[in-house]
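Colleague: Output the structure for:
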Amino acid sequence: MFSKKRYPFIQLYLVIPYLTKEIITNKEWYESRFDSILLADIPEYTPHYLKIIKGNEYLIHRSDYLIAYVTSSYGGAAKTLDYAKKNKDITIYNLAK
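Modeller: Residues are numbered from 1 along each chain as shown. The predicted structure follows:
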């Protein structure tokens with residue numbers, strides 16, 4: 001498990017595509033476990049079913065590294081990995097390979 005005492009220079013962010021009742025209700029719990037909670041900058045008119053995909057794209061555009069465990073060519077993780085390969089100069093580590 002990740003240890004802030006051992007790796008104090010590593011920051012842990014929770015990036016969410018939209019606010020949920022769970023996060024609002026348990027805000028203190030989330031704040032105690034993450035250095036920061038960020039709401040992805042996704043246009044308000046984005047259909048709900050696309051918000052997670054757009055949230056993943058938001059992360060790719062703001063990251064230097066992508067550490068993934070993708071074993072298939074379909075699904076959200078695979079789409080995010082493909083997006084990273086095509087759209088950003090990002091260092092990718094797929095731990096499944």
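Colleague: residue boundaries of the helices in this structure?
Modeller: 21-25, 27-33, 51-61, 76-87 (DSSP state H).
Colleague: CA atoms only for the first one - export them in PDB, please.
Modeller: Presented in PDB, the C-alpha positions along helix 21-25 are these (Å, rounded to 0.1, in the frame of the first residue of the first chain):
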ATOM      1  CA  LYS A  21     -24.300  12.400  -3.400                       C
ATOM      2  CA  GLU A  22     -21.700   9.900  -2.000                       C
ATOM      3  CA  ILE A  23     -18.800  12.400  -2.400                       C
ATOM      4  CA  ILE A  24     -20.800  15.300  -0.900                       C
ATOM      5  CA  THR A  25     -22.100  13.200   2.000                       C
END
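Colleague: Off-centre distance for that helix?
Modeller: Centroid separation for helix 21-25 versus its chain: 18 Å, with CA atoms, centre = their mean, to the nearest Å.
Colleague: Would you indicate which residues of it are buried?
Modeller: Within helix 21-25, no residue is scored as buried using 16 or more other CB atoms under 10 Å. (Glycine included, C-beta is placed from N, CA and C.)
Colleague: Contacts for it next, please.
Modeller: 16, 30, 37 (CB atoms under 8 Å, 6 or more residues apart in numbering).
Colleague: I'd like to know the average pLDDT value across it.
Modeller: Averaged across helix 21-25, pLDDT comes to 94.
Colleague: before we move on, back to that, adding distance to R6, write the contacts of helix 21-25 out as TSV.
Modeller: Converted to TSV, the contacts of helix 21-25 look like this (distance: CB to CB, whole Å):
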residue	distance to R6
I16	27
Y30	22
I37	23
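Colleague: Below-threshold pLDDT in this structure: ranges please.
Modeller: 1-2, 88 (pLDDT under 70).
Colleague: Adding distance to E44, write the helices of the chain out as a markdown table.
Modeller: Shown next, in a markdown table, are those (distance: least, CB to CB, whole Å):
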| stretch | distance to E44 |
| --- | --- |
| helix 21-25 | 18 |
| helix 27-33 | 22 |
| helix 51-61 | 10 |
| helix 76-87 | 22 |
